[in-house]
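> Using only what follows, build the 3D model:
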Amino acid sequence: MNLSATPEEIERKLIKGLREKGYKLTSQRLEIISLPARDRSHPGAGDIFRKVRERMPRQAFPLCITRLIC
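Numbering: from 1, shown residues only. Got it, this is the predicted structure:
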């Protein structure tokens with residue numbers, strides 16, 4: 001990923017790639033995509049999960065990991 005790209009450009013590129021591979025763009029997946037795109041500190045899966053859980057309390061860790069991998 002281009003380090004000079006804006007978070008919006010990173011999100012668009014990730015979304016485009018998921019669409020091209022046939023993935024559904026659920027609200028959970030979009031939330032999970034937006035966090036690493038906006039956080040340049042290279043957050044781990046646990047960090048992403050905690051931040052997603054703040055906004056989506058019903059999100060389960062295994063589902064979050066699955067969304068990150070797929």
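
> which residues of the protein fall in helices?
Counting by DSSP state H, the chain has helices at residues 7-20, 27-38, 45-55, 61-69.

> most neighbours per residue, which of the ones you listed?
helix 27-38 (a mean of 18; mean count of other C-beta atoms under 10 Å). Bear in mind the C-beta positions are built from the backbone N, C-alpha and C, glycine included.

> got the contact list for the spatially most central residue of the chain?
With distances taken as C-alpha atoms, centre = their mean, residue 33 lies nearest the centre of the chain, 1.8 Å away. Residues in contact with residue 33 (C-beta atoms under 8 Å, 6 or more residues apart in numbering) are 11, 14, 15, 18.

> where does this protein have low pLDDT?
Residue ranges of the chain with pLDDT under 70: 1-3, 59, 61-70.

> Can you list phi and psi of residue 40 for me?
Dihedral angles of residue 40 (phi, psi; degrees, to the nearest 10) stand at phi -80, psi 0.

> how close does it get to residue 27?
To residue 27, residue 40 is 24 Å away according to C-beta to C-beta, to the nearest Å.

> coming back round to it: I'd like the contacts of residue 33 as CSV, with distance to residue 4 appended.
CSV is the format used below for these (distance: C-beta to C-beta, whole Å):
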residue, distance to residue 4
11, 15
14, 16
15, 19
18, 22
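
> Report the two of the residues you listed separated the most.
The span of the contacts of residue 33, defined through C-beta to C-beta, is set by 11 and 18 at 10.6 Å.

> for the nearest residue to residue 38 once chain neighbours are set aside, what are its contacts?
Distance criterion C-beta to C-beta, 6 or more residues apart in numbering; nearest residue to residue 38, sequence neighbours excluded, is residue 7 at 4.4 Å. By C-beta under 8 Å, 6+ apart, the contact set of residue 7 is 34, 37, 38.

> Before I go, just wanted to say thanks for your time.
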